[in-house]
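J.: Attaching a predicted model along with its sequence, questions to come.
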Amino acid sequence: MNEFPEIENELRALRPVRPSAELMKRVAVALEQPVSEAQREPDNIVRPVRYAFAWSAIGLGLAAAASLMILLRVHSPVVPANNQNLADRTPSTAPVLNSAQYIPEGATHVVYRTEDEGIQFPRGSTDPVRRFRSQGRETLQWVDPKTGASLRVTYPSEEVRLVPVGGQ
């Protein structure tokens, strides 16, 4: 199981060498002398500035958040505690369609997606056509000039166009 028994035996037999007398003298002299500022840290070593954690910034942030929460709580609307439905409490402001005279005010058509579905051969025809599909949204708006009430209707739209392919 052990692949290197000879090397391991040699490593176990190794013992550290005793330090020389000269090294011991130099260590003793260095320990007896006082260390000056110049010897403590060389000039060529650049130390990074340690991150100073600002506890006051955290305290000011928490105080600002607490005061904001108090202000929001003071100015928040109070919801009534009764069990009435919202429809029962709010008056209806929807225009009555049968008595109002609405006239068209505007119409918009927004295309948000167009796809090329490729070349196709319609039934009963030998001429190829390219099929394009467009998806969008149409909005129609009417206004009653007497009351100023407006009515807006928005619905999705889809258009498929067949364009003859030429060039032969």
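T.: Structure received.
J.: I'd guessed Leu162 sits against Arg131; true?
T.: Yes. The pair Leu162 / Arg131 is scored as a contact, 5.8 Å apart, by C-beta atoms under 8 Å. (C-beta placed from N, C-alpha, C; glycine too.)
J.: what sits in contact with each of the two?
T.: Gln120 (C-beta atoms under 8 Å, 6 or more residues apart in numbering).
J.: now the helices for the chain?
T.: 5-13, 21-32, 37-40, 55-74, 86-89 (DSSP state H).
J.: per-residue confidence for the residue lying closest to Leu151 once chain neighbours are set aside?
T.: Counting by C-beta to C-beta, 6 or more residues apart in numbering, the nearest residue to Leu151 once its immediate chain neighbours are dropped is Trp142, at 4.7 Å. Note for Trp142: predicted pLDDT of 89.
J.: dump the residue contacts of Trp142.
T.: Residues in contact with Trp142 (C-beta under 8 Å, 6+ apart) are 102-105, 150-152.
J.: What's opposite it in the beta bridge?
T.: For Trp142, the beta-bridge partners are Pro104, Leu151 (DSSP bridges).
J.: where's it relative to Val110, distance?
T.: Trp142 sits 19 Å away from Val110, going by C-beta to C-beta, to the nearest Å.
J.: now swap in Pro16 and tell me
T.: Pro16 sits 85 Å away from Val110, going by C-beta to C-beta.
J.: More neighbours: which of these two?
T.: Shown here are Pro16 and Val110; by other C-beta atoms under 10 Å, Val110 has more neighbours (10 against 5).
J.: burial measure for Glu138, as a count.
T.: Glu138 has 13 nearby residues by other C-beta under 10 Å.
J.: My read is that it contacts Gly106, right?
T.: No. Assessed by C-beta under 8 Å, Glu138 is found out of contact with Gly106, at 11.3 Å.
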